[in-house]
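Engineer: What would the 3D arrangement of this be:
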Amino acid sequence: MAVRIPDEFADDLDLRDGSPVGLRKEGSEIIIAKAKPKYTLEDLVKKITKKNRHKLVWPDDKPRGKEVW
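Structural biologist: Residues are numbered from 1 along each chain as shown. Sure thing, here's the model as predicted:
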């Protein structure tokens, strides 16, 4: 089944042709909402790079801010 969503609504929600959506019933209304992405651990780990990886912090490091060790 296909549902036509007005361009103005689709643009506001960043929906494109084929975008996944969720449906739910509230009383006598059907609510169509943008689907939240489903992440897997494998997908998230694939995005780790040397640039976005945090530097390791060891228990014997000196304080770097106002924290108390």
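
Engineer: State the distance from residue 2 to residue 32.
Structural biologist: As for residue 2, its distance to residue 32 is 12 Å (criterion: CB to CB, to the nearest Å). To be clear about C-beta, it is placed using only N, CA and C from the backbone, and glycine gets the same treatment.

Engineer: out of those two, which sits in the busier spot?
Structural biologist: Here residue 2 and residue 32 are compared on neighbour count by other CB atoms under 10 Å; more neighbours surround residue 32, at 14 against 5.

Engineer: Now for the more buried one: which residues touch it?
Structural biologist: Under the criterion of CB atoms under 8 Å, 6 or more residues apart in numbering, the contact list for residue 32 reads 3, 5, 21-23.

Engineer: what is it paired to in the beta sheet?
Structural biologist: residue 23 (DSSP bridges).

Engineer: Show the model's pLDDT score for it.
Structural biologist: In this model, residue 32 is scored at 91, pLDDT.

Engineer: Going by residue numbers, what spans are helices in the protein?
Structural biologist: In chain order, the chain shows helices spanning 7-13, 41-46, with DSSP state H as the criterion.

Engineer: Could you dump those into a markdown table with mean neighbour count added?
Structural biologist: Shown next, in a markdown table, are the helices of the chain (neighbours: other CB atoms under 10 Å):
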| stretch | mean neighbour count |
| --- | --- |
| helix 7-13 | 11 |
| helix 41-46 | 8 |
